[in-house]
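Novice: I would like to see how this sequence folds:
(chains A and B)
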Protein chains: 2
Amino acid sequence: MVGTGLTHWGVRKATLKELAQEAGKALFDDVDNLPKAEVDSLFVGTALAERLAFQSYVAPMVAEQLGIHPTRMLARTELACVSGQLAMKMAYMAIATGLSDIAAVVGVEKMNLPDMAETQASLAAILDREWEGVAGMTAPPYFAMVAQRHMYEYGTTREQLGLVSVKNHRFSATNPYAHFPKEVSLDQVLNSPMVSTPLRLLDSSGITDGAAAVMLAGEDRAREFTDTPVYIEGAGQAATGNLTVNLPSLTEWPHMRRAVRDALSMAGVTIQDMDLAEVHDCFSISEIIEYEELGLAEKGKGGQFIEEGQSEIGGQLPMNTRGGLLGCGHPLGATGVAQVVEVVQQFTGQVPQERYVGGTWALTHNLSGNANNHSVLVLHRDS
Amino acid sequence: MVGTGLTHWGVRKATLKELAQEAGKALFDDVDNLPKAEVDSLFVGTALAERLAFQSYVAPMVAEQLGIHPTRMLARTELACVSGQLAMKMAYMAIATGLSDIAAVVGVEKMNLPDMAETQASLAAILDREWEGVAGMTAPPYFAMVAQRHMYEYGTTREQLGLVSVKNHRFSATNPYAHFPKEVSLDQVLNSPMVSTPLRLLDSSGITDGAAAVMLAGEDRAREFTDTPVYIEGAGQAATGNLTVNLPSLTEWPHMRRAVRDALSMAGVTIQDMDLAEVHDCFSISEIIEYEELGLAEKGKGGQFIEEGQSEIGGQLPMNTRGGLLGCGHPLGATGVAQVVEVVQQFTGQVPQERYVGGTWALTHNLSGNANNHSVLVLHRDS
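Specialist: Numbers count the residues shown, from 1 in each chain, chains lettered A, B, ... in the order given. As a prediction, the model looks like this:
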């Protein structure tokens, strides 16, 4: 990676097209010495553009908005909340195989519409519409079941869930791009409106408009554009089908373990080598289970991990320093790209002191659907 | 490629889910000695599932239907009519980078709905909805403009356009999977209902439901599953933005020339080495321009090329021997995969004698949108 770009995230008076353009402009402003004509490929991650922007064939529209003419590859990836990371991975593969030399990645989602019933209905079409969406199985009730089961099996407390939100909002409070740039207290989390028992509003990521962008170049050319390139050193993904009834467990995510293992092993490092991680806190319970599946906490001890401050700066592994999905909001296709932006900005000292970690190794993680699919990148900066 | 699968194409009393499953079953029936557990990745190409099947996150749904659990990669690609070839290309890149060993590709589209107004509206959201879709710019009027301009500039005749349809229907007449498995005469083409002047119904690919599937394996393992693997030796793509007003020309497709050149050059061959080609005949005029952009006919002489029978079996380069989009129909995400299926079946002698070419080198080509994006694969079988 040789450059990054972000839009402000929130309830934006902007279309999908305008959001993509805004992130693209920020990206080109950030990369030195790169004429647009040299960007030979574009990968766009977006989950629900056909419904929420009534626009298909989004990749060429983004090319138009960015003023680029991809002569090697052009693609849009869709995999719900993993759409953005998948675009990153496709760019990585294109460069690794020589099918691209310099590739732009844009993750974008427009979720706030005049009629939010369309947004709700579209989100219900992520899980199998006939079997589960029709019964109201969207993300909040699904992750509420996960939380209930985790509390039942392991004694995880309501307060422990809340602490994830407190931490991530503390980080987003210093992130001017975040949808929710202010701190919240545990009391505020515990008294926020109930969404789906036991998950409350402040346990839930927002319905957010936004975009994020990254420029990738091959190893041989990266230093033309920056003194501090960041490399993708590992990638892993594991998944199963989309039916909740066929999942092996609600509270164990073996596909995450597998994806983490493969990504770390490809990079030749361990989780202990990581300096920071961006993990998919779509709900507070998700981050708690992720502590466990990363191998940092024993199964069932994720609640204790946040209580001990182990995912804070200074703890065992600082996580979601940009504010996570809870603090930044979750424009589906943009999230996975924005996580990479945060890592690059951390590695290159572009974040405020309050949430600065720095370091040279990081992991980003996304899940999608009913946590049936997990995808992981391992990123590295030469020290 | 080590195996293929097809559904019957047509107006199917089947959902997207059922079509994907049918192609998947045919695929697993075709590949010897491959337990499902060894398929580590799945790539699904589909263009309009969010609207036409009201289903997002299609890749895990297809995994569920196929009964596979991808432990390495899972993705859906979308790029309108190039969605399927893009899934092929992503599988290729995954295997080439070592991120996958054995990958299934499924292209699928469900286009016939109880309310065809939804299909029409969704197709109008492929080009920029605000600027062009809203003005009625779907594929038929766009390619009608292209045809008018080609006739004006080069004297291409109405009869020459019709001959493309006659040829491709002659091929589809012996293809039991085709939507339109019967011959048509030039007279029938010229008297079929007008769609958008000068293009008539039989100049236009059908609104078709269908799916196609291919299994890919790394070079080191391919011979475990077949004695006659077919290799992807070249890939090229070139594109510009989505606005018609910004296209360099209606009748010259420089992005196709570029994609063809790159794919052939990567494979180290020339167009003269090809034994057959599957090209994107969404309308009869498209195939005529493709003769020119492949470098087989001079610019403007594509009409003469079909008149001389140069794209027939026995001609300079047999094209669209499965029947093309005109004869088979065009389920957007399935087409690019079905073209590869045809090549594999040609190379391995699985097609009827009437349309058998055989050979060891072939090219497949798809375009999308207003022909602003072209993508090409070069395929090879060891002789």
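Novice: with just CA atoms, put stretch A:245-256 into CSV.
Specialist: Below are the C-alpha coordinates for stretch A:245-256, written out as CSV (Å, rounded to 0.1, in the frame of the first residue of the first chain):
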residue,chain,number,x,y,z
VAL,A,245,-29.2,-24.0,11.3
ASN,A,246,-26.1,-25.6,9.7
LEU,A,247,-23.6,-23.5,11.7
PRO,A,248,-21.4,-25.6,13.9
SER,A,249,-21.9,-23.3,16.9
LEU,A,250,-23.1,-19.8,17.8
THR,A,251,-20.2,-19.0,20.1
GLU,A,252,-17.3,-20.8,18.5
TRP,A,253,-16.1,-19.5,15.2
PRO,A,254,-13.8,-22.1,13.8
HIS,A,255,-13.7,-20.4,10.4
MET,A,256,-12.2,-17.4,12.1
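Novice: element containing the closest residue to chain B within the stretch 51-200 of chain A?
Specialist: Residue of the stretch 51-200 of chain A nearest chain B, by CB to the nearest CB: residue A:64 (2.8 Å). Backbone N, C-alpha and C define where each C-beta goes, glycine included. Assigned by DSSP states H and E, residue A:64 belongs to helix A:58-66.
Novice: could you identify the helix or strand that succeeds that helix?
Specialist: Sequence-wise, the next helix or strand downstream of helix A:58-66 (DSSP H and E) is strand A:73-78.
Novice: quick one: the strands in the stretch 251-383 of chain A?
Specialist: With DSSP state E, counting those that start in this stretch, the ranges of strands along the stretch 251-383 of chain A come out as A:276-278, A:361-368, A:373-381.
Novice: export these as a markdown table, with columns for mean neighbour count and mean pLDDT.
Specialist: Shown next, in a markdown table, are the strands of the stretch 251-383 of chain A (neighbours: other CB atoms under 10 Å in any protein chain shown; pLDDT from 0 to 100):
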| stretch | mean neighbour count | mean pLDDT |
| --- | --- | --- |
| strand A:276-278 | 26 | 98 |
| strand A:361-368 | 28 | 98 |
| strand A:373-381 | 27 | 98 |
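Novice: that older thread, got the angle between the helix holding residue A:64 and strand B:373-381?
Specialist: In terms of direction (axes from the mean of the first three to the mean of the last three CA atoms, to 10 degrees), helix A:58-66 departs from strand B:373-381 by 130 degrees.
Novice: pLDDT (mean, whole number) over helix A:58-66?
Specialist: Mean pLDDT, computed over helix A:58-66, is 98.
Novice: identify each buried residue in that helix, please.
Specialist: Residues of helix A:58-66 classed as buried by neighbour count (16 or more other CB atoms under 10 Å in any protein chain shown): A:58, A:59, A:60, A:61, A:62, A:63, A:64, A:65, A:66.
Novice: how about residues contacting that helix?
Specialist: Residues from elsewhere that reach helix A:58-66 (CB atoms under 8 Å, 6 or more residues apart in numbering or on different chains): A:16-17, A:20-21, A:24, A:28, A:36, A:42-44, A:46, A:49, A:55, A:69-70, A:74-76, A:104, A:106, A:108, B:78-79, B:128, B:239-243, B:246, B:368-369, B:372-373.
Novice: if we go to 6 Å?
Specialist: A:17, A:20-21, A:24, A:42, A:44, A:46, A:49, A:74-76, A:106, B:128, B:241-243, B:369, B:372-373 (CB atoms under 6 Å, 6 or more residues apart in numbering or on different chains).
Novice: with stretch A:21-37 instead?
Specialist: A:2-7, A:65-68, A:106, A:211-213, A:215, A:225.
Novice: ranking those residues by neighbours, who comes first?
Specialist: The residue in those with the most neighbours, by other CB atoms under 10 Å in any protein chain shown, is residue A:211 (36 neighbours).
Novice: tell me the SS of that one?
Specialist: strand (DSSP: H, G, I helix; E, B strand; the rest coil).
Novice: that one contacts residue A:19, correct?
Specialist: Yes - contact criterion CB atoms under 6 Å: residue A:211 and residue A:19 qualify, at 4.2 Å.
Novice: identify, from the buried residues of helix A:58-66, the entry nearest to residue B:92.
Specialist: Residue B:92 lies nearest to residue A:59 out of the buried residues of helix A:58-66, by CB to CB, at 18.4 Å.
Novice: quickly note the distance from the closest one to residue A:67.
Specialist: Separation of residue A:59 from residue A:67 (CB to CB, to the nearest Å): 14 Å.
Novice: try residue A:113
Specialist: Residue A:113 is 27 Å from residue A:67, by CB to CB.
Novice: which stretches of the stretch 101-250 of chain A form helices?
Specialist: Taking DSSP state H, counting those that start in this stretch as the criterion, the stretch 101-250 of chain A contains helices spanning A:116-124, A:139-154, A:158-172, A:186-190.
Novice: hey, which of those is tucked in deepest?
Specialist: Of all the helices of the stretch 101-250 of chain A, helix A:158-172 has the most neighbours on average by mean count of other CB atoms under 10 Å in any protein chain shown, namely a mean of 24.
Novice: quick one: pLDDT of the closest residue to chain B within the stretch 151-300 of chain A?
Specialist: Residue of the stretch 151-300 of chain A nearest chain B, by CB to the nearest CB: residue A:241 (2.8 Å). Note on residue A:241: pLDDT of 96.
Novice: for it, which non-adjacent residue is spatially closest?
Specialist: residue B:64 (2.8 Å; CB to CB, 6 or more residues apart in numbering or on different chains).
Novice: then residue A:233?
Specialist: Sequence neighbours aside, residue A:267 is the residue nearest to residue A:233 in space, at 3.8 Å (criterion: CB to CB, 6+ apart).
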